[in-house]
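> quick one, fold the following:
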Amino acid sequence: MPTLQGSYFLLHAWSIDVPRPSPSTARPHWANPLHFQRRDLLRAVLFGSAAGLAACGGGGNNVGTLPAPIDHDRPVTSTDRRVKVSTAPEVSLQVRDWQRPGGTDASAPVIVLLAGLGGNARCFDSLAPALVAAGAASRVVAVSRRGYGLSDKPLPVKSATQHYEVDTLVDDLAALCDALGLTRVVLGGHSIAGNELTRFASRFPDHVRGLVYLDTTFDYTKDADTGGEDPPMNRRLDEPAPTPDDGRSMKAAVAYLRRKSKSWWPALEANLHDALDELADGSVRPNTPDAVETAMDTAAHRFSPDYRVVRAPALVVTALPLDQRDLFPWLERPLDAQTGKDAADFLRIFRRVRRADADRLVAALDTPHRLTLDHCNHTDFFMEREAEVVRAIQSMRWA
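All right, here's what the predicted structure looks like:
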């Protein structure tokens, strides 16, 4: 079941952290990376999981309709890089660097994009080139933070969160910008990456032209505003658990996630491929160790951002589900009366929580720049509603 406050990439997003009974059976290990949906929203299982928004219904051929292409007279190309950001321990990050061949528009900003928890650089395979093609950016650098995708994954040893504290992630980002010669950038972050945006802007204000908060959470250490209501605890709202057969091949893993998703996008599939290792027998397993995932999740939820020191222009983008299919696309219809009521109540509380949280973020940043997208999902709104997100970023006047 989605939770209400935080926001993971593929469903790990809003976690109200309500107490819940433990599942009767343990989830197969291979599926861990696919469940961004655990306690922070719907993190989107991954890689595209559960709640994708699109015109088509859930299950079967639920392939999202690609956004209309943005006109441009020259192609946008990507370069894959590994950039060393730390020596103790040795850490290099996976980077996808999007530019037009033959030079860049010096008047447009360089945008650096950070994925949500569990996501990696490939989730921006559509948004990044669209930003360059539209002239909203001269260059877009999409980053897989340490622990995810094809980036290095040092294990915590001295403490449960060692190597994954927010300041360590910000150090990585600063080292990456230095290595790529990026002196002033616009930072965009999805979901839990909002922590890194705010902290980077605090520590390195002269390097920041602006900030784009992509459905992030105001403060994971604060209680969510549920209006005094407790979300219903109906286990039928839980997404379907994977079986061992769902991890027997990459094709099976993709099929499993598509069955749970309202839409399926090429960027989500690319993200999934970079999040799983294929073994000799063809089966798959997550390439992020459990200890790393726990360290990232724990460190992020202990961090309380200080927005008072942020001086850069900021754009806040909020994604709100409008109906039950946006939030629970795996539910088979028709629903029994109790499950239908519980799903409706959960959706209503969820929307209240996310609206109130976005209001707090806008107020803390003291920004007039806000885009609220209704009838969409935390996981893939910047894919389905790509054109609107691009226009909002393009309309900003950066420092």
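> any regions of the stretch 1-150 of the chain where pLDDT drops low?
Counting by pLDDT under 70, the stretch 1-150 of the chain shows low-confidence ranges at 1-74, 103-104.
> tell me the pLDDT of residue 262.
Residue 262 carries a pLDDT value of 81.
> which stretches of the stretch 251-399 of the chain form helices?
Remark: helices assigned in the stretch 251-399 of the chain by DSSP state H, counting those that start in this stretch are 266-275, 290-302, 324-327, 337-365, 381-384, 386-394.
> where along the stretch 201-350 of the chain do the strands fall?
All strands of the stretch 201-350 of the chain, identified by DSSP state E, counting those that start in this stretch, fall at 208-214, 276-278, 284-286, 314-320.
> ok, back up a step: out of the helices of the stretch 251-399 of the chain, nearest to residue 165?
Taking Cβ to Cβ, helix 290-302 is the member of the helices of the stretch 251-399 of the chain nearest to residue 165, at 4.9 Å. Where you see a C-beta, it was placed from the backbone N, CA and C, and this is true even at glycine.
> who does whatever helix or strand residue 141 lives in touch, helix- and strand-wise?
According to DSSP states H and E, residue 141 maps onto strand 139-144. If you count contacts as 3 or more Cβ pairs under 8 Å, 6 or more residues apart in numbering; DSSP states H and E, strand 139-144 packs onto strand 90-99, strand 110-114, helix 127-133, helix 166-180.
> which of the helices of the stretch 251-399 of the chain sits most buried?
Neighbour counts (mean count of other Cβ atoms under 10 Å) averaged over each of these peak at helix 381-384, with a mean of 27.
> what mean pLDDT does that helix get?
Mean per-residue pLDDT for helix 381-384: 96.
> what helices or strands is that helix leaning on?
Counting contacts by 3+ Cβ pairs under 8 Å, 6+ apart, helix 381-384 is packed against strand 314-320.
> run through the residues that contact the spatially closest residue to residue 307 that is not a sequence neighbour.
Nearest residue to residue 307 in three dimensions, chain neighbours excluded: residue 364, at 3.8 Å (Cβ to Cβ, 6 or more residues apart in numbering). Shown in contact with residue 364 (Cβ atoms under 8 Å, 6 or more residues apart in numbering): 218, 307-308.
> returning to what we had before: quickly, which of the helices of the stretch 251-399 of the chain bottoms out on average pLDDT?
Out of those, helix 324-327 stands lowest, with a mean of 92 (criterion: mean pLDDT).
> so what secondary structure elements neighbour that helix?
On a contact count with 3+ Cβ pairs under 8 Å, 6+ apart, helix 324-327 meets helix 337-365.
> just to revisit the earlier point, what pairs with the strand holding residue 141, parallel or antiparallel?
Partners of strand 139-144 in the sheet, by DSSP bridges, are strand 90-99 (antiparallel), strand 110-114 (parallel).
> return the set of buried residues in the shortest one.
When you say that, I think you mean strand 110-114. Within strand 110-114, the residues that qualify as buried are 110-114, counting by 16 or more other Cβ atoms under 10 Å.
> again, but for stretch 308-322
Residues of stretch 308-322 classed as buried by neighbour count (16+ other Cβ under 10 Å): 310, 312-321.
> could you identify the most distant pair in the residues you listed?
The most widely separated members of these are 312 and 321, with 29.5 Å between them, by Cβ to Cβ.
> with respect to residue 196, which of the contacts of residue 364 is nearest?
Among the contacts of residue 364, residue 307 lies closest to residue 196 (Cβ to Cβ), at 13.7 Å.
> contact partners for the closest one?
So residue 307 contacts 198, 361, 364-365 (Cβ under 8 Å, 6+ apart).
> any chance of these in TSV, with distance to residue 293 too?
Putting these into TSV (distance: Cβ to Cβ, whole Å) gives the following:
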residue	distance to residue 293
198	22
361	25
364	28
365	29
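> please report the distance of residue 170 from residue 235.
Distance, residue 170 to residue 235, using Cβ to Cβ, to the nearest Å: 39 Å.
> of the two, which one has the most company?
residue 170 (20 against 12; other Cβ atoms under 10 Å).
> and the more buried one, what pLDDT?
Per-residue pLDDT puts residue 170 at 98.
> ok, the one 4 residues further on next?
The model reports residue 174 with a pLDDT of 98.
> span of stretch 75-95 from start to end?
19 Å (Cα to Cα, to the nearest Å).
> and residue 107, what does it touch?
residue 138.
> can you rerun that using 10 Å?
The neighbours of residue 107, taking Cβ atoms under 10 Å, 6 or more residues apart in numbering as the test, are 135, 138.
> now name the helix or strand holding it.
In this assignment (DSSP H and E), residue 107 forms part of neither any helix nor any strand.
> give me the beta-bridge partners of the nearest residue to residue 287 once chain neighbours are set aside?
Of all residues not flanking residue 287 in the chain, residue 277 sits nearest, at 4.6 Å (Cβ to Cβ, 6+ apart). Per DSSP bridges, the residues bridged to residue 277 are residue 285.
> who's in contact with the closest residue to residue 79 other than its chain neighbours?
Distances taken as Cβ to Cβ, 6+ apart put residue 97 closest to residue 79, at 4.5 Å, once the chain neighbours are dropped. Residue 97 makes contact with 77-81, 83, 110, 121, 128, 139-143, 180, according to Cβ under 10 Å, 6+ apart.
> what do you get for residue 122?
Counting by Cβ under 10 Å, 6+ apart, residue 122 has contacts 47, 80, 94, 96, 115, 128, 142, 144, 149-150, 266-275.
> state the distance from the closest residue to it other than its chain neighbours to residue 354.
Distances taken as Cβ to Cβ, 6+ apart put residue 270 closest to residue 122, at 3.9 Å, once the chain neighbours are dropped. According to Cβ to Cβ, residue 270 and residue 354 sit 27 Å apart.
> and the residue of the chain most remote from its centre, how far from residue 345?
Farthest-out residue of the chain from its mean C-alpha position, per Cα atoms, centre = their mean: residue 337, at 32.9 Å. Residue 337 is 13 Å from residue 345, where distance means Cβ to Cβ.
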